[in-house]
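K.L.:
I need the structure of the sequence given here:
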Amino acid sequence: MARDIDLVMWSLIVVLILLNSATTEAATTTEVGGTLGWTVPPNQTYYNEWATAGTFNVGDTLKFKWTGEHNVAHVSKDNYENCTTDRAKISGQVLQGDGEIDFKLEESGTHYFICTVNNHCARGQKFSINIGGSPSAEAPNSSAPPGLLYFVALPAILSNTVLYFLSQI
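P.N.:
You can find the predicted model right below:
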């Protein structure tokens, strides 16, 4: 009898570990602008529309990819709204790269990005995003497949419960 209870307890511990791993999301890398990449967009709202369609969390990475002359500036709200491209006046960091930069999102809150080359920002090469908490603190994506919870954990719980009660007969 004590042995059966030990088996049930260990089974429940394993199930809890599996449930925890099933609800933890991994950090993701997202290419800014989707297939367009980081360039002067076809309209001034393109990048903000792209940004609002996504979900971003602390630990995620934004991948800026471009051809031609561009850069990425992580700036203040004021710099963003006014398209401040004078590097001496930018309160933030300007990232140079040879066509590709990865920017890791390390703080929650609203973040602002612009291109400081020529009039690219004024032409719409800018966006703001709201960064949520860490991925492990987020609830699983409701559109995600059921995964481990339904295919492993739930049958394990049910079979252990049935076995326990059958052993008591």
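K.L.:
Could you chop this structure up by domain?
P.N.:
Annotated domains of the chain cover 1-23+139-169, 27-138 [automatic domain parsing].
K.L.:
And the ones you listed, which one averages the lowest pLDDT?
P.N.:
Lowest mean pLDDT within the domains of the chain: domain 1-23+139-169, a mean of 60.
K.L.:
so A51 is in which element?
P.N.:
helix 46-52 (DSSP states H and E).
K.L.:
helices or strands next to that helix in the packing?
P.N.:
Judged by 3 or more CB pairs under 8 Å, 6 or more residues apart in numbering; DSSP states H and E, helix 46-52 is in contact with strand 126-132. Where C-beta positions appear, they are placed from N, C-alpha and C, glycine not excepted.
K.L.:
Need the residues that contact the strand it packs on.
P.N.:
Residues outside strand 126-132 that contact it (CB atoms under 8 Å, 6 or more residues apart in numbering) are 32, 47-48, 50-51, 54-58, 60, 77, 80, 83, 105, 107-115, 138.
K.L.:
Direction included, what does that strand pair against?
P.N.:
Strand 126-132 sits in its sheet next to strand 56-57 (parallel), strand 109-114 (antiparallel), going by DSSP bridges.
K.L.:
Nearest spatial neighbour of T67, chain-adjacent residues omitted?
P.N.:
Leaving aside its chain neighbours, T67 sits nearest to G99 (6.1 Å; criterion: CB to CB, 6 or more residues apart in numbering).
K.L.:
Would you mind measuring from the one you found to N48?
P.N.:
Applying CB to CB, to the nearest Å, the value for G99 to N48 is 23 Å.
K.L.:
Those two: which is more packed in?
P.N.:
Neighbour totals were compared for G99 and N48, and N48 leads with 15 against 12 (other CB atoms under 10 Å).
K.L.:
list the contacts for that one?
P.N.:
Taking CB under 8 Å, 6+ apart as the criterion, N48 is in contact with 127-128.
K.L.:
Would you mind measuring from it to T61?
P.N.:
The gap separating N48 from T61 is 20 Å, by CB to CB.
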